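K.L.:
this one's sequence-less:
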């Protein structure tokens, strides 16, 4: 069997040489364990932070050891009560084709309720991040304007759809004309902006948001967010979910000093990680599942075939190649 390890810590944008594909013996289980076979694997921008040694909200990956992320796995053999051969579970698992596990922290999933890959996307960390960040921090009200950066990505595309379901006007920011068209035709965004072809982001936001910005769900940071911030309304809420434009920076770039904007408009700006709201998962997942089953929520995935292609799939995130959730099918 194969495993993918962190070979060296990236400088700037990750390279294939930062990863290492290693062959190992297929593990044997002990009492109280299950043998899992990887089915789908999630690659996410936040993993870039774990590849560095910098202090963060989660421990960094260790060199010459397997990386890990969200995964859907099938039980191949079980010596633990509550786990039966042929069942599927999701959880934070190592990048290995097969692995043993004590079962703690794994969640059983139902392939009859939704496709297995959806449990890494709209019914997994992606959907929970979108729903809980928007509702717990953004608290959007009907008729308000919500702006989403990285809007064609995994989290952003779900945020925009949920905001529309809650009765908001939604404006998305993406990086290609194709994605801009997709936001309006597929996800129901009211307006969309291509930040790569826009010379004046603050003006583009002003034109797309004639009533200003009430809620900004920020997945990108950098100059895109600079343009949004000058258009926020009084008592606006800014949800800082990601900063993919800065993840590969080798030095800290200087941007506008936004404190006067926050003070003048009494703006709430809050960063978060989805694990802050674990007590809300049981409430959020059924609502997301209902919207998905009713066809009110569209789950878009970019699926890469082959375990060995996981590093390239991860690197492609930073080029914006994916539409919706990037998933590797093992």
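P.N.:
Received, thanks. Quick caveat: nothing in here was measured; it's all calculated off a predicted structure.
K.L.:
rest of the way, CA atoms for contacts and neighbours
P.N.:
Will do.
K.L.:
partners of residue 217 in the sheet?
P.N.:
Beta-bridge partners recorded for residue 217 (DSSP bridges): residue 148, residue 239.
K.L.:
Tell me if I'm right that it and residue 241 touch.
P.N.:
Yes. Between residue 217 and residue 241 there is a contact under Cα atoms under 8 Å: 7.0 Å.
K.L.:
who has more neighbours, those two?
P.N.:
More crowded of residue 217 and residue 241, by other Cα atoms under 10 Å: residue 217, with 28 against 23.
K.L.:
if I pick the more buried one, what's in contact with it?
P.N.:
Going by Cα atoms under 8 Å, 6 or more residues apart in numbering, residue 217 touches 134, 138, 146, 147, 148, 149, 156, 159, 238, 239, 240, 241.
K.L.:
so which of the residues you listed would you say is closest to residue 203?
P.N.:
Closest approach to residue 203 among the contacts of residue 217 (Cα to Cα): residue 147, at 14.0 Å.
K.L.:
Now do stretch 304-320: distance to the chain's middle.
P.N.:
Taking Cα atoms, centre = their mean, to the nearest Å, one finds the center of stretch 304-320 at 14 Å from the center of the full chain.
K.L.:
what's in contact with that stretch?
P.N.:
4, 13-16, 19, 21, 43-45, 97, 153, 175, 244, 322, 326-330.
K.L.:
and those, which are buried?
P.N.:
Neighbour-count burial within those applies to 4, 14, 19, 21, 43-45, 97, 153, 175, 244, 322, 326-330; the criterion is 16 or more other Cα atoms under 10 Å.
K.L.:
A strand includes residue 311, no?
P.N.:
No. Under DSSP: H, G, I helix; E, B strand; the rest coil, residue 311 sits outside any strand and is assigned helix.
K.L.:
Which stretches in the stretch 1-150 of the chain count as strands?
P.N.:
Using DSSP state E, counting those that start in this stretch, the strands of the stretch 1-150 of the chain run over 2-6, 19-23, 34-42, 68-78, 88-94, 98-101, 107-109, 145-149.
K.L.:
where in the stretch 151-300 of the chain is pLDDT low?
P.N.:
Filtered on pLDDT under 70, the stretch 151-300 of the chain yields the residue ranges 245, 247-252.
K.L.:
Please convert the contacts of residue 217 to CSV, extending it with distance to residue 78.
P.N.:
Formatted as CSV, the contacts of residue 217 follow (distance: Cα to Cα, whole Å):
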residue, distance to residue 78
134, 39
138, 43
146, 47
147, 47
148, 43
149, 43
156, 38
159, 38
238, 46
239, 42
240, 41
241, 37
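K.L.:
now, among those, which is nearest to residue 110?
P.N.:
residue 159 (24.0 Å).
K.L.:
Tell me the secondary structure at the closest one.
P.N.:
Once three-state DSSP is applied, residue 159 turns out helix.
K.L.:
neighbours around it, how many?
P.N.:
31.
K.L.:
residues contacting the residue nearest to it when sequence neighbours are not counted?
P.N.:
The shortest distance from residue 159 to any residue other than its chain neighbours is 4.9 Å, reached at residue 130 (Cα to Cα, 6 or more residues apart in numbering). Contacts for residue 130 (Cα under 8 Å, 6+ apart) come out as 155, 156, 158, 159.
K.L.:
For the helix or strand harbouring residue 163, enumerate the helices and strands it packs against.
P.N.:
Element membership of residue 163 [criterion: DSSP states H and E] is helix 154-165. Contact partners of helix 154-165 among helices and strands, from 3 or more Cα pairs under 8 Å, 6 or more residues apart in numbering; DSSP states H and E: helix 125-132, strand 145-149, strand 169-174, strand 325-329.
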